[in-house]
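# coordinates only, no sequence provided:
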Ligand SMILES: Nc1ncnc2c1ncn2[C@@H]1O[C@H](COP(=O)(O)OP(=O)(O)O)[C@@H](O)[C@H]1O
Ligand SMILES: Nc1ncnc2c1ncn2[C@@H]1O[C@H](COP(=O)(O)OP(=O)(O)O)[C@@H](O)[C@H]1O
Ligand SMILES: [Mg+2]
Ligand SMILES: [Mg+2]
Ligand SMILES: [Mg+2]
Ligand SMILES: [Mg+2]
C-alpha cells in the first residue's frame, strides 16, 4: 500500500505540525506530543484529557476544544502514548478543579495512563479516570483483556465535555463519563485490513469476497470471517450484536462511523440500513452522527455505536462544541 | 474492491435516505434527488444551487445550509445530474431574488445546468451561472473541454454563500463567485485509482511504486505517471504547479483535500509539507482547511487548492457557516 | 426497405437499442474507464430503459413523437454528457420529422442530419474530436444508401476514433494518453445505428 | 562467568539488545501483526535506542543505575503495553540491585525475579497467558545456572507460546484465533535474554 508520508518514523510528528498549521486555535507541542486548547487552562472548569495511539484521527486531537477535550496525547501509530505526555497535559490544563482521564481499554493505554495519574497526583493535580470498553465483539471477558474501547469514546468525550463546560465538579463529570462509558456499545466490520506506516503492508490478509466481523480499531483481525455481505445484512448483524442485552425502552444516540477508507457515500447508505434495522427492532433514534470519527488508518469498513440517551444526555449532546472535527451550537 | 453497498443501482438513493436520517435540518427528496435547506426559501436572499455527479461527498449536499448552498442536486456516481433536478431545486429555493448555479466545468454538468437554467427561466426564476475550472493539471485548454472544476468549488460555494447571506443581490453574488472561481487553482495526485459501484473494479491500473500526477475527481487517470514520491516531494510538485502563473503577493487560503481513501493522519502530515513548500516560496497563508471535502470515492491521494484571499474574501471565509460538512461561527 | 416507416419501427428501434446497450453496458463502461469515468454503460442502460418505459406508457403514434419522447426521457434520466447529447439527437430528429404518421428513408436521413447537427452545436465538437460525432456523422452521410450501410459507417467511424486524440469531453483531459482507445460515445452510437438497421429490417 | 559483573556489562546488555531488536524489528512486527497491531518491532527499536542514548549520555556507573535509567527511558519513550512492562522489568530489577558497583549472578537472578514479579503484578498476567512472562519466568528460573541456560529457557518459553490461547493483551481479542502464533513479547524477551548472555560472555 502506498502512503502519503515522508518516513514512517516521522508520521506522527509531521501530522502534528500539519495540524498546528491548520488549527491556530490549538496549542500543539510537536516534540512532546501534547495538543491543548489554546485558551487552557479554563478557570473553574474540570479539564478532560484523552489520548491513545495515532491512526484513529480525528480521535482524539480532533476533539480538543470548547465543550469536549482540554488536551489530547497522541502516541505512535497504534501505540499508547507515554505517561510523560499525559502528565504534561494535566499540568497544562488543570485549573485547580482536577482532570479526568478518558482511557480506552487497552493494556497499553491503561498502564500508561495509570502511571501518568501517579505522576500528576505527585504534582498535586486531582486525577479521576474513566475506562471506555464498549466493543461488544469482545464477549468472553474472563479470557481477554476485557472489551476494547472504540466508538463509544466519542460519546464519553462529548457528553462529559459538555458537563464540564456547564461547571460540574470532578466527581460529577467522572460519574457521568462512567455512566456513558458503561452504557455505550459498539460493533465494527472490516472490508479490508489497514496498512501501518511501520509495516507498509496490510496488517492481515482479507481476500476479495470476505469480510471480518467484530474488528477493533488497531488493524487486528476480527472475531469471525464471513462471505461478503450487503450493507443491509451488515447493518442487521451489527444491530443484533449491539441490542443483545442492551436495556430497551429509551431512545438512542447513534454513531455510524467509517474506519477511514470507506467513502462517505457508502457510510450514508449504510446509515439508511442501520436506521431501518433499528426501526424494525423498535429502537427509537434521538440523534445520528455519520462520518469518519474513530478510524483505523485506511481500513475500509464501519462501526456502529449506540448510546442510550435520556433527557440529560440529549441536552449535553446538543450543547455547543467547537473542535476541529465536531462543531455545533455557539 | 469490496463496497459497503446493497446494489450499485441504489447507491445514491440509499445515501440520500441515510443523509436524511442524520440531518433532519435538511429537506431531502430521495426520489427526485434534491437536497434543500429545511428553512428554504430564505426571504430576501439570493439562493445558491450546485450539484454534480455523486462520489465526491461531502461535496455538494454536505455543503447545504446557512452560509453556503441552498440546494444540491446529486447525480448518479460520477454522472452529472439531470436538468429536472436543478429546475426543481430552483423552484424550491428561489425567494424572488434569483438563483446562482455553481457548475463544475465538465461537459455533462455544463449541458445539464444550461438546460436547467432554461427550464427555470421559463418558470420565471432569474438564473445566473458560474463555472468552476480550477484544475491546473489541464493546461492545454484549446485542445480540451477546458480546465476541470475540483477543490475550488468549495471556496466558490463558501464565499458566494456568505455574500448571499449578507444580502448581496444576484449580480454581486455572481460576480464574486466568478472572481473566486477565476482565482482558485487546484492540483491533484492519486496513489490509487477508485472503484465505482457500477464497475466494481478500480477505474485504472496503478501499480505499487507509482502515482498519478494531475488527476481529476472522476477516477480518470492523470496527466503523468511517476515513481512513488514522499509527501514532501508531492507537496513541492503540487505547489510549483499551482504557483506557475499565479499573481503573487497577497495571502492565500489553502485547502489540503483528501480524495477519500487517505487517512487524516497522512493528510495533516501532507499539510505540513504544503505549508513548508509555500513558506519556501514566500507565499503567505491566511487560512488552512484540511480534510476530505471534494473526494473521489475511495481513491487514495490528495489535492491542494489555493484561493488568493483579500480582506473581503477573508471576511466571507470567516463568516458563519452551518452545513453538515463545514460549520463554524454562529 | 424503401417502404415508409411508421411509429412501430421507431418504437422497435428504441426497444432494440435498450436491449443492446444493456447487453453491451459492461463493454461501454470499460471503454469509458480507459479514457473517462466508467459510467457510459450504466448511463445509457438507465436512459434507454427509461425511454422504452416512456414509449410503452405513452404510446406515441408517429415516428416524430416516438423520437421526441425518447429524447426528452434521455435528457431527464441520463445526466452526464451523453444524456443531453443523445437526448438532443433524438429530440431534434423527432421534432424535424414532425407529425407525419410514416416517414421515408430520405426524410429520416435529413432529420437525423438535423439531430446530429444539433449535437455538434450543443457540444461544440467537430469530426475528429474523438466523440460520438465521429460515428454519427458518417452514419448520417451513409443513411440514404440504407440503414445497413449507415450502421457499417457508424461502426467504422467508431473504430476510427482509436488513434485519435480527444479534444472534447472527459477524454480530452488525458491529452496524448487518450490515443489508442475507442471513444465510448462513438461505440454506443454504432450500437444505436445497428439497432436502427435491425428495426427497419425486421419490418 | 561466575565473576561479578560491573556497569559495563549492563551497558553492553542495553547496547546488544538495542542492536538485536533493531535487527529483528520486522520479525517482531510481523508476529505482532498476526495477533496484535503490528507495532512491537518499532516500539522496542525506538525504546532501546532511546535507552542506549540515555545510558551513553548519563553514564550511570552501577549495574542498578544502568537498568533503572534504561527502564525509566523505556517507560518514557515506548508507550503501548510493552513500554510500561519492559520499563518496569528493568527499573524494578535495577532498583533491586541497589547501588552495588558489581553484582554476582545470584544477585542478578534474584533482582530479575523481582522485576518479572513486578511485570506480572502490573499486567495481571500469569504463566500460560501467552505473554512475555512465558519467556521471562523460565528464564529467571534458569538464570542461576548461567545466562546461556537462561537464554535457552527464554527461547523455549517463547516457542511454547505458539499453541497457547492468549488471555492478556491485544491477542486475547482474537480468542481461538490467537492459537498457532508466537507471542511477540515473548519473542522479544528471548532476544533480551540472548543479549544478556552475550553481554556476559563478551566480558
Ligand atoms: N462535447 C461533446 N460533443 C459530443 N460528444 C461528446 C462531447 N463530450 C462528450 N461526448 C461524448 O460523450 C461520451 C461520454 O458519455 P458519458 O460517459 O455517458 O458522459 P460523461 O463524460 O459525462 O461521463 C464520450 O465518449 C463522447 O462520445
Ligand atoms: N497484561 C500483560 N502482561 C504481560 N505482558 C503483556 C500484557 N499485555 C501485553 N503483553 C505483552 O506485550 C506484547 C505486546 O507489546 P506491544 O505490541 O509493544 O504493545 P501493544 O500490545 O500495546 O501494541 C505482547 O506480545 C505481550 O507479550
Ligand atoms: Mg500497539
Ligand atoms: Mg460521467
Ligand atoms: Mg463517462
Ligand atoms: Mg502491538
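The structure has been received and is ready for your questions. Worth saying up front: this structure is predicted, and the values here are computed from it rather than measured. Ligands and ions are numbered 1, 2, ... in the order given.
# residues contacting the residue of chain A found nearest ligand 1?
Per CB to the nearest ligand atom, residue A:265 is where chain A lies closest to ligand 1, at 17.0 Å. Yep, even glycine has a C-beta here, placed from its N, CA and C like the rest. By CB atoms under 8 Å, 6 or more residues apart in numbering or on different chains, the contact set of residue A:265 is B:11, B:12, B:15, B:54, B:55, B:57, B:77, B:297.
# mind checking how far it is from residue B:12?
Here residue A:265 is placed at a distance of 8 Å from residue B:12 (CB to CB, to the nearest Å).
# and if you look at residue C:105?
Taking CB to CB as the measure, residue C:105 and residue B:12 are separated by 41 Å.
# more crowded one of these two?
Using other CB atoms under 10 Å in any protein chain shown, the more surrounded residue of residue C:105 and residue B:12 is residue B:12, with 24 against 19.
# quick check: the gap between the more buried one and ligand 2.
To ligand 2, residue B:12 is 40 Å away according to CB to the nearest ligand atom, to the nearest Å.
# spatially nearest residue to that residue (excluding sequence neighbours)?
Leaving aside its chain neighbours, residue B:12 sits nearest to residue B:54 (5.0 Å; criterion: CB to CB, 6 or more residues apart in numbering or on different chains).
# residues near the one you found, how many?
By other CB under 10 Å, the residues close to residue B:54 number 26.
# do the same with the one 10 residues further on
Under the neighbour criterion other CB under 10 Å, residue B:64 is assigned a count of 33.
# OK, contacts around it?
So residue B:64 contacts B:26, B:35, B:36, B:37, B:70, B:71, B:72, B:323, B:324 (CB under 8 Å, 6+ apart).
# where's the third one, which helix or strand?
By that I understand residue B:36. Element membership for residue B:36, per DSSP states H and E: strand B:34-37.
# ok, residues contacting that strand?
B:16, B:19, B:25-29, B:61, B:64-66, B:69-74, B:85, B:88-89, B:92-93.
# swap in stretch C:151-159?
Contacts of stretch C:151-159 (CB under 8 Å, 6+ apart): C:134-139, C:141-142, C:182-183, C:186-187, C:189-190, C:192-194, C:196-197.
# in that stretch, what's buried?
Residues C:151, C:152, C:153, C:154, C:155, C:157, C:158 are the ones in stretch C:151-159 that count as buried (16 or more other CB atoms under 10 Å in any protein chain shown).
# any idea which of these is closest to ligand 3?
If you rank those by distance to ligand 3 using CB to the ion, residue C:158 comes first, at 56.3 Å.
# quick one: is the one helix or strand that closest one maps to near ligand 1?
Element membership for residue C:158, per DSSP H and E: helix C:147-159. No: applying CB under 6 Å from any ligand atom, one finds helix C:147-159 out of contact with ligand 1, separated by at least 9.4 Å.
# and that helix, how far out from the chain middle?
Centroid separation between helix C:147-159 and its chain, computed with CA atoms, centre = their mean, to the nearest Å, is 12 Å.
# ditto for stretch A:129-145
Centre-to-centre, stretch A:129-145 and its host chain are 15 Å apart (CA atoms, centre = their mean).
# the helix or strand just after the strand holding residue B:36 pairs with which strands?
Per DSSP H and E, strand B:34-37 leads on to strand B:47-54 as the next helix or strand towards the C-terminus. The pairing partners recorded for strand B:47-54 under DSSP bridges are strand B:71-77 (parallel), strand B:99-104 (parallel).
# flag every buried residue along the helix or strand following the last one.
It refers to strand B:99-104. For strand B:99-104, the following helix or strand on the C-terminal side (DSSP H and E) is helix B:107-122. Buried residues in helix B:107-122, counted by 16+ other CB under 10 Å: B:107-117, B:119-120.
# now for helix B:107-122, which elements pack on it?
strand B:47-54, helix B:83-93, strand B:99-104, strand B:127-132, helix C:82-97, helix C:105-123 (3 or more CB pairs under 8 Å, 6 or more residues apart in numbering or on different chains; DSSP states H and E).
# tell me how many other residues surround the closest residue to residue C:115 other than its chain neighbours.
Leaving out its chain neighbours, the residue that sits closest to residue C:115 by CB to CB, 6+ apart is residue C:93, at 3.5 Å. Using other CB under 10 Å, residue C:93 has 26 neighbouring residues.
# contacts only, for residue C:93.
C:67, C:71, C:108, C:111, C:112, C:114, C:115.
# anything in whichever strand or helix holds the second one near ligand 1?
Which is residue C:71. Here residue C:71 is covered by helix C:63-77, with elements defined by DSSP H and E. No: counting by CB under 6 Å from any ligand atom, ligand 1 is not contacted by helix C:63-77; separation bottoms out at 10.6 Å.
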